[in-house]
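**Student:** sequence first, predicted coordinates after that:
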Amino acid sequence: MLIAYDSKTGNVKRFVEKLDMDCVRISEETKLTDPFILITYTTGFGQVPQSTMQFLEEHGHLLQGVASSGNMNWGVRYGLAADHISRIYSVPVLMKFELSGTKKDVEQFTQEVHYFDTKMDTA
């Protein structure tokens, strides 16, 4: 499964660099035709980044699941972008991870993606 990601401070970029998966950083030029899982970050007071929303306007129909980085210092707003995207696009939140994630976070994400790959292979 392809992983599309958005990163502002580099935390999400550092997370995806730990993955042994095909990953593409989203931009205005990014064009996808296959299902993907999104990793993004939470900005402001729990908002989805504008760049992520613009990307999803065109590619949201291919979205299978979402994960978000965040900072636990934000309390209830931690990783809230994933919850917003999940609600808007009716996809599951695979996980939330703090900053650039831990080794355990990478393992958990890898397992979640493997589940989606298996699910799609049997569909």
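**Tutor:** Looks like it came in fine. Note that this is a predicted model, so its numbers are computed, not measured.
**Student:** grab the most central residue of this protein for me.
**Tutor:** Note on the chain: the residue nearest the mean C-alpha position is I39, at 1.6 Å, using C-alpha atoms, centre = their mean.
**Student:** return the distance of that one relative to M95.
**Tutor:** From I39 across to M95, the span is 9 Å (C-beta to C-beta, to the nearest Å). (Each C-beta comes from the backbone N, C-alpha and C, glycine too.)
**Student:** then F116?
**Tutor:** Counting by C-beta to C-beta, the gap from F116 to M95 is 13 Å.
**Student:** so which bits of stretch 10-19 are buried?
**Tutor:** Neighbour counts over stretch 10-19 (16 or more other C-beta atoms under 10 Å) mark 11-13, 15-16, 18-19 as buried.
**Student:** longest strand of the chain?
**Tutor:** strand 63-70 (DSSP state E).
**Student:** and that strand, what does it pack against?
**Tutor:** Judged by 3 or more C-beta pairs under 8 Å, 6 or more residues apart in numbering; DSSP states H and E, strand 63-70 is in contact with helix 11-17, strand 36-41, helix 80-89, strand 93-98, helix 103-122.
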